[in-house]
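> let me see the structure of the following:
(chains A and B)
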Amino acid sequence: MTRPLMRPPRKNPVLRTRVPTLPPAARSRVTLGLTAGAARGRFELQVCRDCGTVQYPPREACHVCLSRRLDWREQNGAAELLSETTLWHSNELFYRERVPWRLGVAKLDCGPVAVVHLHGDCAPAPSRVRVRAVLDRAGQATLIAIPDKDTPNMADDRQLREMTCDPKFRKVLITDAKTALGQALVEAIVAAGAELVWAGYAESWKKTPGFDRLTSNPQVSLLPLDLTDSRAVKDTAGEIGGRVDILINTADHHRNFGIAARDGVETARAEMDANYFGLLRLAQEFAPAMRARGADGQSSAVAWVNLLSIFSLSNFPPHGTYSASKAAALSLSQCLRAELAPAGVRVINVFPGPIDDEWNQALPPPKIAPARLASDIVDALRGGAEDVFPGDIAQDWLARWRDNPKALERELAAMPR
Amino acid sequence: MSRQRAAYDDVVVTAPVTVPYVRYSIRGAHWFLAGALDELLKRTGVSKNKLDGLCVSSFTLAPDSAVGLTQHLGLTLRWLDHIPMGGACGIVALRRAARAVQSGDADAVACIAGDTNHTDSFRLNLATFSQFARDAVYPYGSGGANASFAFLTGYYMRTYGATPEDFGKLCVAQRANAQSFPYALLKKPLTLEEYLSARLIADPLRLFDCVMPCAGADAFMVLRRAQAEALGLPYAGILSTIERHNAFPDDPIQYRGGWALDCDELYAQAGVGPQDVDVLATYDDYPVISMMQLEDLGFCKKGEGPDFVQRNSFTVDGSFPVNTSGGQLSAGQAGAAGGFLGLVEIIRQLTGQALGGAVAQARIGMASGFGMINYDRGLCSGAAILAARGSMP
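As a prediction, the model looks like this:
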């Protein structure tokens, strides 16, 4: 059974911080289909449209009937562990620094045989396991077999933790803790075992309900932070930047206008200033230190979370300028993801549908509750995905967008405003 | 029932050559292959201008293939082949070359295999070995063949009750055989206790289960018996050969190789049985695959390998001499030359040219090849039965 993770000792400042290394990242283009699924938290394999055979490793043609019509379909991952090994030697630095490393060969119930990382709680072969596709530190999909049934402390498994961004014993910055979501997130992250949560707030004169309650938690440290103020962001990064393991950017300046309903650009500029330039300011000041701490022991810098919106994918005209600012943030987050990739720091983008808050008051339900969204963000950190679509509306719009983005554009334009 | 395959008639194999192995080299693959060809021509007396056939195997020749080598070495050929089949390349080269000579497409085919080994070339070769390996194996721990064979070994042990002592007996015997073989890189005597207590590499594999990569080359020549006799060369005949690729794809994990599919045909064409084989060279980068060959090539039944190992001794003077030059586990694995090593040793034993210990009265020899862990298993298998001059039909 996995031994529960212990609080790491204080870092010895005399010792050199280990330079981040990554598992091998090269993949054929067809295998990036596996990554596309894992990025959304799904284990998808190619299935032959003509004969139904499930394929793995990914390939260009069906190995049974030679059809080239292979579709990525979700699999449940149930499998039989056939054999296993523990590596004590590796040819790559990443694993050389992490051996012993447990691997297995698993026969998936859906057909193929897969080489997998093996969770420490999996019983010796032959045994039943569940195979999951997660992103590894290189950002590529990798398969890990976990026990058939959950075990105590299984998230603390040393190998699994190399593929997740679990907040346990990590230090977390939440950039805007004044919103309902920000507050729920502070509580959820503390409950997830974080060592310390910096709860950022701007506009100290503005009282929001519940915010004062955060101060009673000894794990929480309130932090003045205005993302629209470059100087303030720089100063804050100078103070805490070298200790932030997980940064959750909850900036969400949200007004309800399209183009014709309001004169001038001031509202749109304010949205951009928080939602887009806020991210840019944070990235310029906090990303360099996180990049340097990608392999800093058990509680290394590990993740950067952006609160985007399902409207990032396709404009919702009643909230038109807001959608545009979130689309800009999405684009910038891809740049940030590329720049943090060499350190193994994962950029997780969260695309909720309308949050049940005052700025979506006029929208009909369903809307996602802040507490639910917060718990989905914690789940994302504990999981192996990088694009998260929490709630029914987000899932529905994602399905529509993947199926036919032009149809979704028309559907959004026709929605009542 | 497929048509009866033609015999190899008077096609013979001669001139076993080894370019001495070294752990690391700053030379390119061309250097080792040129050395092999030079020695082959000197030994046979075939002049470079008269050589009309060449068969090449190498992992580290890139960006060249066999074609580039013709210009690099100044050869004008009318028959050329490049066999990227790793541990099966020796057997496959022999098959291709023999039919070329038999049909008259070439008078003589020089078969050469070799690789260099820079300090980082092994890792780079692993990382890009195949599409499936790059996509679905190497990112998982980057253990290379050690990990792949650890899976097979663990499964085999669990299924057939093999013990570390069974595998150790093969490794220890090969190390004993290597003592007198001049080109073996690993000559430190090995006891079973040392084998069993060596450090773990990929559980259950320990240090002495794992082949050591090195640089070097091996070669032989295929020509007609009359030409060999005119040149005064000792030779061996080819009784039969087999090859198979991606056998038993539905086995969830590899516990047998393609030999099991073709073994009957191998013996039927040769007109001999397993009991007639005086000396055997298995492909032995890891002992579990030697064990499978003992079974799949008919020396014992499936699952009886461990018992067969305990009942026999495998040194040159043993009850069943195997890998009499020490095999790859003691000589080293010089890339594609690992697919030649066993075959070259069998030619030596059958032509009275053993460099180390000679098997007494060796008349029938078998060499076996196994190659290319493309994903979760070795895909290529092959074997050849050769006969000493006096035992040819």
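
> and residue B:205, what is it in contact with?
A:85, B:146, B:149-150, B:153, B:286 (Cβ atoms under 8 Å, 6 or more residues apart in numbering or on different chains). Just so you know, the C-beta spots here come from the backbone N, C-alpha and C atoms, and that holds for glycine as well.

> show me what it is bridged to.
residue B:202 (DSSP bridges).

> is it possible to mark the buried ones in the contacts of residue B:205?
A:85, B:146, B:149-150, B:153, B:286 (16 or more other Cβ atoms under 10 Å in any protein chain shown).

> reformat those as a markdown table; add distance to residue B:363, secondary structure and pLDDT.
Listed next are the buried ones among the contacts of residue B:205 as a markdown table, based on distance: Cβ to Cβ, whole Å; DSSP: H, G, I helix; E, B strand; the rest coil; pLDDT from 0 to 100:
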| residue | distance to residue B:363 | secondary structure | pLDDT |
| --- | --- | --- | --- |
| A:85 | 41 | strand | 98 |
| B:146 | 37 | helix | 96 |
| B:149 | 33 | helix | 97 |
| B:150 | 38 | helix | 98 |
| B:153 | 34 | helix | 98 |
| B:286 | 30 | coil | 97 |
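
> sorry, back to before: which of the contacts of residue B:205 lies closest to residue A:4?
residue A:85 (26.1 Å; Cβ to Cβ).

> tell me how far the closest one lies from chain B.
According to Cβ to the nearest Cβ, to the nearest Å, residue A:85 and chain B sit 4 Å apart.

> neighbours of residue B:199, how many?
9 (other Cβ atoms under 10 Å in any protein chain shown).

> oh, that last question was meant for residue A:343, not what I typed.
24.

> go on, the one 5 residues further on?
For residue A:348, the count of nearby residues is 23 (other Cβ under 10 Å).

> that one belongs to a strand?
Yes. Judged by DSSP: H, G, I helix; E, B strand; the rest coil, residue A:348 forms part of a strand.

> hang on, it packs against residue A:384?
No. Shown here, residue A:348 and residue A:384 do not form a contact pair, counting by Cβ atoms under 8 Å, at 10.4 Å.

> follow-up on the earlier one: export the contacts of residue B:205 as JSON lines, with columns for distance to residue B:133.
Shown next, in JSON lines, are these (distance: Cβ to Cβ, whole Å):
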{"residue": "A:85", "distance to residue B:133": "16"}
{"residue": "B:146", "distance to residue B:133": "13"}
{"residue": "B:149", "distance to residue B:133": "14"}
{"residue": "B:150", "distance to residue B:133": "15"}
{"residue": "B:153", "distance to residue B:133": "19"}
{"residue": "B:286", "distance to residue B:133": "17"}
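
> mind picking the one among those that's closest to residue A:118?
Among the contacts of residue B:205, and counting by Cβ to Cβ, the member closest to residue A:118 is residue A:85, at 8.7 Å.

> who's sitting farthest from the centroid in chain A?
Taking Cα atoms, centre = their mean, the residue of chain A most remote from its mean C-alpha position is residue A:65, at 37.8 Å.

> is it true that it touches residue A:51?
Yes. When contacts are counted by Cβ under 8 Å, residue A:65 is listed as touching residue A:51 (4.3 Å).

> what do the two both touch?
The contact sets of residue A:65 and residue A:51 do not overlap (Cβ under 8 Å, 6+ apart).

> how about the residue nearest in space to the middle of chain B, what does it touch?
With distances taken as Cα atoms, centre = their mean, residue B:339 lies nearest the centre of chain B, 3.3 Å away. Residue B:339 is in contact with B:57, B:85-91, B:113, B:283, B:369, B:371, counting by Cβ under 8 Å, 6+ apart.

> ditto for residue B:350
Contacts of residue B:350 by Cβ under 8 Å, 6+ apart are B:236, B:279, B:362-363, B:365, B:386-388.

> and which of those residues is nearest to chain A?
Taking Cβ to the nearest Cβ as the measure, chain A sits nearest to residue B:279 out of those, at 32.6 Å.

> low-confidence stretches in chain B?
Residue ranges of chain B with pLDDT under 70: B:1-2.

> and the strands in chain B?
Assigned strands in chain B, in chain order: B:11-22, B:53-57, B:79-82, B:108-115, B:200-202, B:205-206, B:215-224, B:235-245, B:279-281, B:364-373, B:378-388 (criterion: DSSP state E).

> okay, and residue A:38 sits in which element?
Using DSSP states H and E, residue A:38 falls within helix A:32-39.

> domain boundaries for chain A, per the record?
A:32-161, A:171-413 (automatic domain parsing).

> switch the ones you listed over to JSON lines; also include distance to residue B:269.
Converted to JSON lines, those look like this (distance: least, Cβ to Cβ, whole Å):
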{"stretch": "domain A:32-161", "distance to residue B:269": "31"}
{"stretch": "domain A:171-413", "distance to residue B:269": "54"}
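
> if we can go back for a sec, quick check: nearest residue in space to the residue nearest to the centre of chain B, chain neighbours excluded?
residue B:89 (3.9 Å; Cβ to Cβ, 6 or more residues apart in numbering or on different chains).

> tell me the contacts of that neighbour?
B:57, B:83, B:113, B:336, B:339-340, B:369, B:371 are the contacts of residue B:89 under Cβ under 8 Å, 6+ apart.

> what about residue A:83, which SS state?
strand.

> and for it, the neighbour number?
25.

> right, and it touches residue A:106 too?
No. Residue A:83 lies out of contact with residue A:106 (Cβ under 8 Å); the separation is 9.0 Å.

> any regions of chain A where pLDDT drops low?
Short version for chain A, where the test is pLDDT under 70: A:416-417.

> mind naming the longest helix for it?
Secondary structure assigned by DSSP state H gives helix A:320-340 as the longest helix of chain A.

> so that one versus strand A:346-350, what angle?
Angle of helix A:320-340 versus strand A:346-350, following axes from the mean of the first three to the mean of the last three Cα atoms, to 10 degrees, is 160 degrees.

> and the next element down the chain from the helix holding residue A:38?
strand A:44-48.

> helices along the chain, start to end?
Unless you meant another one, I'm taking chain A. Under DSSP H, chain A gives helices at A:32-39, A:93-96, A:158-161, A:180-191, A:211-214, A:230-240, A:266-271, A:277-292, A:320-340, A:370-382, A:392-403, A:405-413.

> hmm, I had chain B in mind actually
B:29-44, B:66-72, B:89-103, B:121-127, B:131-136, B:145-160, B:164-178, B:192-197, B:225-230, B:259-270, B:287-296, B:305-311, B:327-331, B:338-350.

> so which of those gets nearest residue A:227?
Using Cβ to Cβ, the helices of chain B put helix B:131-136 closest to residue A:227, at 40.3 Å.

> say whether chain A is contacted by that closest one.
Yes. Part of helix B:131-136 sits close enough to chain A to count as contact by Cβ under 8 Å from any Cβ of the partner chain, namely B:131-132, B:134-136.

> repeat that for stretch B:47-65.
No. Applying Cβ under 8 Å from any Cβ, one finds stretch B:47-65 separated from chain A by no less than 15.2 Å.

> ok, residue A:170 - contacts?
Per Cβ under 8 Å, 6+ apart, neighbours of residue A:170: A:194-195, A:245-246, A:299, A:302.

> now it: phi and psi?
Main-chain torsions, residue A:170, degrees, to the nearest 10: phi -110, psi 160.

> that one and chain B: what is the separation?
25 Å.

> what is the neighbour count of the closest residue to that residue other than its chain neighbours?
Among residues not flanking residue A:170 along the chain, residue A:245 sits closest, at 3.9 Å (Cβ to Cβ, 6+ apart). Residue A:245 has 23 neighbours, counted by other Cβ under 10 Å.
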